[in-house]
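Novice: I would like the atomic coordinates for the input below:
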Amino acid sequence: MAALPPALSDTIVALSTPPGAGAIALVRLSGAAAISLTDAVFSGKTLAEQPSHTLHYGTIRDESRIIDEVVVSLFRAPNSYTREDVVEISCHGSDYIVQQLLLLFTRHGARLAEAGEFTKRAFLNGAFDLAQAEAVADLIAADSQLSHQVAMQQMRGGFSRELKDLRARLVQFAALLELELDFGEEDVEFADRSGLLVLLTEVRGLVQRLLRSFELGNVIKNGVTTVIAGRPNAGKSTLLNALLNEERAIVSEVAGTTRDLIEDEVSLDGIRFRFVDTAGLRDTTDLVESIGVERTLKRVQQAAIILYLFDLTDTTPAALQAQIDDLQLPSSTPVLAIGNKLDVASEEEIAAFRARPNTVLIAASRGDGLDELRQVLLSRVRGEGLDRAGSSTIVTNLRHARSLESAALALDAVLAGISSGTGTELLAADLRQALAALGEITGEISSDDLLTSIFTQFCIGK
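Specialist: Next up, the predicted model:
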């Protein structure tokens with residue numbers, strides 16, 4: 001392994017648990033001097049003489065002053081998270097104690113870690129690849145069953161293995177094309193063009209499948225933005241409160257009560273939905289309400305799903321469709337029409353909408369029909385493939401999706417070149433570009449700027 005840059009050869013220290021008072025805090029050191037630095041201030045066993053993966057009780061002292069009673073965890077290189085010597089000190093969760101420990105170690109020669117530096121060292125030392133490193137951040141941020149499941153699968157190398165298999169299959173043909181360039185004057189073909197065409201078509205299909213999964217992955221990672229829109233007094237705020245099971249929005253018989261966006265999240269069967277209550281859609285001369293309506297119209301354009309709420313007692317099917325059409329939504333945005341006030345509507349009013357597609361009838365104030373609405377929402381999202389999230393690779397990272405797009409374009413160029421009889425040099429160049437794009441995902445090809453951009457998004461201490 002090549003020598004690390006000076007900054008990465010330092011011994012680093014950081015708090016690895018959230019800041020603030022708590023029962024326990026964990027201070028982590030990593031680097032060649034991690035054990036000796038700790039030995040210099042630890043009163044207990046001599047850590048330099050202890051085996052890896054052991055725990056030791058003692059005190060941390062600043063000369064004769066005891067800072068805290070601690071438990072020290074010892075991990076020797078290369079069997080640690082960073083592949084370096086790592087010491088983790090569990091102390092009492094006092095801000096003062098933590099600051100005293102950090103000051104003590106920096107005085108003895110350690111450097112405060114930068115954001116994500118422990119994970120960056122793990123990557124640079126070969127503990128895992130770049131896609132797995134990014135999955136660590138996703139795992140920390142996971143707040144639903146599915147986002148945790150996908151992040152764990154990627155951190156354990158599922159996505160990386162699939163990419164490495166794709167690259168390995170292309171590298172062999174790329175090598176043969178490069179060989180042809182070495183024998184350009186001989187006019188020979190080492191790479192069977194028909195075999196390359198079959199392989200490229202298959203690999204292109206796999207890349208496209210991964211790209212298609214990004215829309216699903218984005219839902220898993222960021223949740224489903226679900227906007228509740230409709231005319232004033234349709235019951236939007238009542239529906240939001242019922243879905244969240246709390247009084248989040250003010251409910252009033254006065255039209256135009258909601259004048260700004262109110263949003264909150266709830267998990268439905270492991271899928272995170274972000275519900276957004278909006279101002280009622282109508283023409284108004286009230287300046288504040290008109291701003292709310294304008295914000296509503298902007299937000300519906302950004303929604304993943306629209307719940308268009310209407311009053312069963314004063315809306316006809318034709319009027320409902322006209323109101324939805326007025327939103328001028330992208331054709332790809334799904335709209336569920338939600339007929340409210342089922343408890344006071346007449347049989348004729350109910351019958352007018354009972355058979356309408358993509359329509360659910362509810363009584364938001366009593367909770368009638370909400371279970372059906374939740375199931376419709378879940379089935380709509382699962383219809384995009386969420387149930388396969390644990391059994392196949394799902395792309396959740398925008399950087400990965402962009403690299404896959406670049407790879408797909410390069411593969412298209414190779415396929416077109418084979419069909420048109422393009423020369424070996426151009427085919428080889430396009431194939432190298434495809435390999436480079438795939439390699440950027442796992443970090444086989446990376447730049448310092450890219451690594452800095454990725455790891456500065458991590459928390460300090462990870």
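Novice: so what's Thr226 up against?
Specialist: The contact partners of Thr226, taken as Cβ atoms under 8 Å, 6 or more residues apart in numbering, are Phe273, Arg274, Phe275, Val276, Ala303, Ala304, Ile305, Ile306, Leu307, Leu377. Quick note: C-beta positions are derived from backbone N, CA and C, even for glycine.
Novice: my error: substitute Thr17 in the last question.
Specialist: Contacts of Thr17 (Cβ under 8 Å, 6+ apart): Ile24, Ala25, Leu26, Gly93, Gly461.
Novice: from Leu26, how far out is it?
Specialist: 5 Å (Cβ to Cβ, to the nearest Å).
Novice: which residues of the chain fall in strands?
Specialist: 12-15, 22-30, 42-43, 54-62, 65-75, 86-93, 111-112, 224-230, 262-268, 271-277, 305-311, 335-340, 359-361 (DSSP state E).
Novice: give me the distance from stretch 336-344 to the chain's centre.
Specialist: Centroid separation between stretch 336-344 and its chain, computed with Cα atoms, centre = their mean, to the nearest Å, is 35 Å.
Novice: re the thing from before, which of the contacts of Thr17 sits closest to Thr442?
Specialist: Closest to Thr442 out of those is Gly461 (24.7 Å), distances taken as Cβ to Cβ.
Novice: for that closest one, give me phi and psi.
Specialist: Geometry field for Gly461 lists phi and psi as phi 100, psi 0, criterion degrees, to the nearest 10.
Novice: ok, it touching Leu15?
Specialist: Yes - the pair formed by Gly461 and Leu15 meets the contact definition of Cβ atoms under 8 Å, at 5.3 Å.
Novice: any common contacting residues for the two?
Specialist: Residues touching both Gly461 and Leu15 (Cβ under 8 Å, 6+ apart): Arg28.
Novice: got TSV for the strands of the chain, with mean pLDDT too?
Specialist: Below are these laid out as TSV (pLDDT from 0 to 100):
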stretch	mean pLDDT
strand 12-15	96
strand 22-30	95
strand 42-43	95
strand 54-62	96
strand 65-75	96
strand 86-93	97
strand 111-112	95
strand 224-230	85
strand 262-268	80
strand 271-277	83
strand 305-311	89
strand 335-340	90
strand 359-361	91
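Novice: make CSV from the ones you listed and add distance to Gly421 to it.
Specialist: CSV is the format used below for these (distance: least, Cβ to Cβ, whole Å):
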stretch, distance to Gly421
strand 12-15, 56
strand 22-30, 55
strand 42-43, 71
strand 54-62, 66
strand 65-75, 58
strand 86-93, 57
strand 111-112, 58
strand 224-230, 48
strand 262-268, 55
strand 271-277, 50
strand 305-311, 48
strand 335-340, 49
strand 359-361, 56
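Novice: among these, which comes closest to Ser237?
Specialist: Per Cβ to Cβ, nearest to Ser237 of the strands of the chain: strand 271-277, 5.5 Å.
Novice: and the contacts of the closest one?
Specialist: 143-144, 146-147, 219-220, 223-228, 236-237, 239-240, 243-244, 248-249, 258, 261-267, 299, 303, 377-378, 381, 386.
Novice: buried subset of these?
Specialist: Neighbour-count burial (16 or more other Cβ atoms under 10 Å) applied to the contacts of strand 271-277 gives 144, 146-147, 219-220, 223-228, 236-237, 239-240, 243-244, 249, 258, 262-264, 266, 299, 303, 377-378, 381, 386.
Novice: and the end-to-end length of stretch 44-59?
Specialist: Stretch 44-59 stretches 7 Å from its first residue to its last (Cα to Cα, to the nearest Å).
Novice: cool, stretch 38-46 as well?
Specialist: By Cα to Cα, one end of stretch 38-46 lies 9 Å from the other end.
Novice: how many other residues sit next to Ser346?
Specialist: By the criterion of other Cβ atoms under 10 Å, Ser346 has 10 neighbours.
Novice: an error on my part: the question was meant for Val70.
Specialist: 25.
Novice: likewise Val86?
Specialist: 23.
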